[in-house]
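Asker: Structure for the following, please:
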Amino acid sequence: MYDRLLKILLASMLALLLVACDKPQPPAAQATPVTQNFTLKLAETWGPNYPIFGDTTRQLAATVEQMSGGRLRITIDSANKHKAPFGVFDMVKAGQYDMGHSASYYWKGKDPDTLYFTNMPFSMTAPEQLAWFYHGGGLQLMEKVYARHGLLSFPGGNTGGQMGGWFRKEINSVEDLQGLKMRIPGFAGEVLARLGAKPTNIPPGELYTALERNTIDALEWVGPSLDLRMGFHKIAPYYYTGWHEPSAELQFLINRQSWERLPPDLQEILRVAMRAAAADMYTLAYHKNAVNWATMQQEFPDIQIRTFPKPVLAALKKANDELLAEFAAADPLAREIIDSQADYLARARAWTAISDQAYLNSMRDLQD
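Answerer: Numbers count the residues shown, from 1 in each chain. This next block holds a predicted model:
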């Protein structure tokens, strides 16, 4: 009797188990992916809340945080905090900072091939240069240079054409450049040195004091967009049109290890945000140049606008061409960059001549 009851009980349990197995089962609980957040530290060459340049880094930080839903944040240390406006390259390379915002031609003492990626004398305008970067091989050449240092560099915002600088005295001849102490960085400084000037580089926050105390005789900074607020016109009344930087592209520096730690989607967000911030800086700089130039004309009529005499410009161009040939002969990568820029300039300038330049000439003729 007991054996019979046990068999019935086992058969019932087996039947219940089979029925349960036939019922649809709830899906297995999915493992919730762990969302990792990243914070990148950025050092900038500029002081806190510096207009236009600082606007660019702040826009970058805001954009990446919004686009990433808070997964990627950028904190910004200005020059007053890290105390090394011209130390950005070394700090990012060493991993002290993940990113930097500065200008490539500041690093000529560390690698001469970095000179070419801000702008070159007698070279490309902003639209021409940006086209070279994004479509003419410029980005790839810049990557070659910065890869040697474990860094990545991306366009960081363009000032447009820069003015030739503020001078205490007029420049009427090449002889007037002899012994001239001038703040001017990059390849243009090399050019002026060849003609007997004494170029130097000074952090932005020290420029006015250096001019006021006669540490320098002249300086170039940017153009009306940023020069007006600096007050240079109070000391040096002669404001010359440009030759040395028909365009000037800043840079975003990134430590390669910091970049590679980011997942692919955050890398792309950062890449797109840098490009957007750089493009917006160009339009903002153009706007501020126009507004501040009108202010200069109205409120400071004593500013004397000058253009360098043709013999001076010819001497500068000759020195520039000689130096380019020497740099190219000494370094295969420098030759590749110089040749690439020259070839692209020739093609782009032909179009500029029959588009923008022809239009402006036509409008000028209508006014005459």
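Asker: And the helices in the stretch 101-250 of the chain?
Answerer: According to DSSP state H, counting those that start in this stretch, the stretch 101-250 of the chain carries its helices in the segments 126-135, 138-147, 186-194, 207-212, 224-230.
Asker: most tightly surrounded among these?
Answerer: Most buried of the helices of the stretch 101-250 of the chain, by mean neighbour count (mean count of other Cβ atoms under 10 Å): helix 186-194, with a mean of 22. (Each C-beta comes from the backbone N, C-alpha and C, glycine too.)
Asker: Distance-wise, check residue 89 relative to residue 44.
Answerer: 12 Å (Cβ to Cβ, to the nearest Å).
Asker: same thing with residue 214?
Answerer: 29 Å.
Asker: Compare these two (neighbour count), which wins?
Answerer: Set side by side, residue 214 and residue 44 show more neighbours around residue 44, with 28 against 10, by other Cβ atoms under 10 Å.
Asker: burial measure for the residue lying closest to the more buried one once chain neighbours are set aside, as a count.
Answerer: Nearest non-adjacent residue to residue 44, counting by Cβ to Cβ, 6 or more residues apart in numbering: residue 101, 4.3 Å away. Using other Cβ under 10 Å, the number of residues around residue 101 comes to 26.
Asker: OK, contacts around residue 101?
Answerer: Counting by Cβ atoms under 8 Å, 6 or more residues apart in numbering, residue 101 makes contact with 42-46, 53, 56-57, 88, 156, 250-253.
Asker: run the last query once more with 10 Å
Answerer: Neighbour list for residue 101: 42-46, 53-54, 56-57, 60, 76, 78, 88, 92, 156-157, 250-253, 274, 277 [criterion: Cβ atoms under 10 Å, 6 or more residues apart in numbering].
Asker: how close does it sit to residue 78?
Answerer: Distance from residue 101 to residue 78, by Cβ to Cβ: 10 Å.
Asker: tell me, what's touching those two both at once?
Answerer: Joint contacts of residue 101 and residue 78 (Cβ under 10 Å, 6+ apart) are 42, 43, 44, 45, 46, 53, 54, 57.
Asker: Which of the helices and strands in this protein ranks last by mean pLDDT?
Answerer: The weakest-scoring helix or strand in the chain, judged by mean pLDDT, DSSP states H and E, is helix 2-22 (a mean of 42).
Asker: need the next SSE after that helix, C-terminal direction.
Answerer: Counting by DSSP states H and E, the element after helix 2-22 in chain order, helix or strand, is strand 38-44.
Asker: pLDDT averaged over that following strand, what's the number?
Answerer: For strand 38-44, the mean per-residue pLDDT is 98.
Asker: Buried residues in the helix or strand following it, which are they?
Answerer: Tracing the chain C-terminally past strand 38-44 and defining elements by DSSP H and E, one meets helix 53-67 next. Buried residues in helix 53-67, counted by 16 or more other Cβ atoms under 10 Å: 53, 54, 55, 56, 57, 59, 60, 61, 63, 64, 65, 67.
Asker: Report the two of the residues you listed separated the most.
Answerer: The distance between the two most remote of these (Cβ to Cβ) is 21.9 Å, for 53 and 67.
Asker: related to what we said a few turns ago, what's the closest of the helices of the stretch 101-250 of the chain to residue 171?
Answerer: For the helices of the stretch 101-250 of the chain, distance to residue 171 was read as Cβ to Cβ. The smallest value, 10.9 Å, belongs to helix 186-194.
Asker: From the contact counts, what lies against that closest one?
Answerer: Packing partners of helix 186-194 (3 or more Cβ pairs under 10 Å, 6 or more residues apart in numbering; DSSP states H and E): strand 181-183, strand 198-200, helix 310-330.
Asker: Can you say which of the ones you listed is nearest to residue 281?
Answerer: Each of the helices and strands packed on helix 186-194 was scored for nearness to residue 281 using Cβ to Cβ, and the closest is strand 181-183 (22.1 Å).
Asker: Which residues does that closest one contact?
Answerer: Residues contacting strand 181-183 (Cβ under 10 Å, 6+ apart): 165-167, 188-189, 192-193, 197-204, 206-207, 210-211, 214-221.
Asker: Just name the closest of the shared contacts of residue 101 and residue 78 to residue 184, please.
Answerer: Ranked by distance to residue 184 (Cβ to Cβ), the shared contacts of residue 101 and residue 78 are led by residue 45 at 16.1 Å.
Asker: Am I right that residue 160 is in contact with residue 293?
Answerer: No - the pair residue 160 / residue 293 is not scored as a contact, 11.7 Å apart, by Cβ atoms under 10 Å.
Asker: Of those two, which one has the most company?
Answerer: residue 160 (21 against 17).
Asker: Where does the prediction get shaky in this protein?
Answerer: 1-34 (pLDDT under 70).
Asker: again, only this time at 90
Answerer: 1-35, 368 (pLDDT under 90).
Asker: quick check: longest helix of it.
Answerer: Taking DSSP state H as the criterion, the chain has its longest helix at helix 264-299.
Asker: Not counting its own residues, what contacts the helix or strand following that helix?
Answerer: Sequence order places strand 304-306 as the next helix or strand after helix 264-299, per DSSP H and E. Defining contact as Cβ under 10 Å, 6+ apart, one finds that strand 304-306 is touched by 163-164, 167, 170-172, 233, 236-241, 293, 296-297.
Asker: Just the buried residues from these, in ChimeraX please.
Answerer: This is the ChimeraX syntax for the buried subset of these, where burial follows 16+ other Cβ under 10 Å:
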select :163,164,167,171,233,236,237,238,239,240,293,296
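Asker: hang on, the earlier thing: so which of the helices and strands packed on helix 186-194 is the most surrounded?
Answerer: Among these, strand 181-183 has the highest mean neighbour count (mean count of other Cβ under 10 Å), at a mean of 20.
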